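**Student:** here is a sequence together with a model predicted from it:
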Amino acid sequence: MSNRLCDWSECGRLAGRGWDVHGKYYCGPHYFPGLEKAFLEEYSRWDGVREPSDRFKNLFSRYVERLYPLGGMPEKLSQGRIEVRAAAWKKTQVGLEFSIERHLTAYRWGGPVKTVNQEWRFGLQTKDLVLLGQQDAMPRKLSLIATGAKSSVPANSSAGR
Ligand SMILES: [Zn+2]
């Protein structure tokens, strides 16, 4: 255990275990503001063109995790998944967008697992994650036309035999 003091200016309380943000240590009440500050600094440093740094991904995912208490991120996203799997990061007017590969169970009775790519937006002002869209990771040519109709399955044509 350490006797480090909270790095928030003029706080003076003892820093808590685990409430560190890349070399800075905070007390309970200052952990979230410290994390937010570090993320926003990293965000402004990011050119929005190149893939953001590991530090950025770590700070962003931890920040978002804190915005959804009790693990309640939409679509069961998690801090770890965002940090490790998010890709195609884009800086936008309102914040950022990223794409993430998800493995969904296609049918309620436990059918095959389906891989999709989800596009997410995070707004700096609104402080929320919004699902913009979702596509099959390996789309087939006829997948759009065939939705809801299985007419193209030849094995089903039993008429007249
Ligand atoms: Zn403090």
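**Tutor:** Looks like it came in fine.

**Student:** now the helices for this structure?
**Tutor:** Taking DSSP state H as the test, the helices found in the chain are 28-45, 54-67, 79-85.

**Student:** got the CA positions of the last one in CSV?
**Tutor:** Listed in CSV are the C-alpha atoms of helix 79-85, where the atom choice follows Å, rounded to 0.1, in the frame of the first residue of the first chain:
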residue,chain,number,x,y,z
GLN,A,79,-14.4,-2.2,-21.5
GLY,A,80,-12.1,-5.0,-22.5
ARG,A,81,-13.8,-5.6,-25.8
ILE,A,82,-13.7,-2.0,-26.8
GLU,A,83,-10.0,-1.6,-25.8
VAL,A,84,-8.9,-4.7,-27.6
ARG,A,85,-11.3,-5.2,-30.6
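
**Student:** what does that helix contact?
**Tutor:** With contacts defined as CB atoms under 8 Å, 6 or more residues apart in numbering, helix 79-85 is touched by 57, 58, 60, 61, 62, 64, 65, 98, 100, 101. The way it works is simple: take the backbone N, C-alpha and C, and place the C-beta from them, glycine included.

**Student:** and the residue lying closest to residue 132 once chain neighbours are set aside, how many neighbours?
**Tutor:** Leaving out its chain neighbours, the residue that sits closest to residue 132 by CB to CB, 6 or more residues apart in numbering is residue 119, at 4.3 Å. Neighbour count for residue 119, taken as other CB atoms under 10 Å: 16.

**Student:** residues contacting residue 96?
**Tutor:** By CB under 8 Å, 6+ apart, residue 96 lies in contact with 43, 60, 89, 90, 121, 122.

**Student:** hmm, back to that, for the helices of the chain, which one sits closest to the ion?
**Tutor:** Of all those, the one in closest proximity to the ion, counting by CB to the ion, is helix 28-45 (3.4 Å).

**Student:** before we move on, back to that, could I get the helices of the chain as TSV with distance to residue 22 and mean pLDDT?
**Tutor:** Output for the helices of the chain, formatted as TSV (distance: least, CB to CB, whole Å; pLDDT from 0 to 100):
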stretch	distance to residue 22	mean pLDDT
helix 28-45	6	97
helix 54-67	6	97
helix 79-85	13	96
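
**Student:** now mean neighbour count and distance to residue 130 too, for these, in a markdown table please.
**Tutor:** A markdown table is the format used below for those (neighbours: other CB atoms under 10 Å; distance: least, CB to CB, whole Å):
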| stretch | mean neighbour count | distance to residue 130 |
| --- | --- | --- |
| helix 28-45 | 16 | 17 |
| helix 54-67 | 18 | 12 |
| helix 79-85 | 16 | 14 |
